[in-house]
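>>> Let's see this in three dimensions:
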Amino acid sequence: MTERHAVVAGAGIGGLAAALALHRRGWRVTVLEQAPQPREVGAGITLMANAVRGLDALGLGTEVHRLGREGATGGLRTTDGRWLSRVD
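I've put the predicted structure just below:
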């Protein structure tokens, strides 16, 4: 049988999750990332329930819950601070 190979563009959450899932299904995976090394960028992220369930399926949910903060509010603001949308 021919080995299956996937190339994933980007080592963000989505790219790494896809690479992990493919690898676990027997694919050879190459992840391409333009940054020379992973680093913190000083930004937060919001993961909705379906995203957390996906990370749970990959075996990463426990660590996400350990590092995260449930129930935080957030949303999008204009440059002057006015709320465009909020998520409770």
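>>> can you give me the strands for this structure?
5-9, 28-32, 74-77, 83-87 (DSSP state E).
>>> weakest of the ones you listed by average pLDDT?
Mean pLDDT values for these show the minimum at strand 74-77, a mean of 84.
>>> quick revisit: Throw the strands of the chain into CSV and include distance to residue 42 and mean neighbour count, thanks.
Backbone N, C-alpha and C define where each C-beta goes, glycine included. Output for the strands of the chain, formatted as CSV (distance: least, CB to CB, whole Å; neighbours: other CB atoms under 10 Å):
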stretch, distance to residue 42, mean neighbour count
strand 5-9, 23, 13
strand 28-32, 23, 13
strand 74-77, 16, 11
strand 83-87, 21, 9
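>>> and of those, who's closest to residue 63?
strand 28-32 (19.2 Å; CB to CB).
>>> Given the closest one, what are its sheet partners and their directions?
According to DSSP bridges, strand 28-32 forms sheet pairs with strand 5-9 (parallel).
>>> who are the neighbours in contact with the residue nearest the centre of the chain?
Residue closest to the average C-alpha location in the chain (CA atoms, centre = their mean): residue 13, at 2.3 Å. Residue 13 makes contacts with residue 45, as judged by CB atoms under 8 Å, 6 or more residues apart in numbering.
>>> Please tell me how far residue 45 sits from residue 27.
According to CB to CB, to the nearest Å, residue 45 stands 26 Å off from residue 27.
>>> buried sites along the biggest helix by length in the chain?
In the chain, with assignment by DSSP state H, the single longest helix is helix 13-24. Neighbour counts over helix 13-24 (16 or more other CB atoms under 10 Å) mark 15, 16, 17, 18, 19, 20, 22 as buried.
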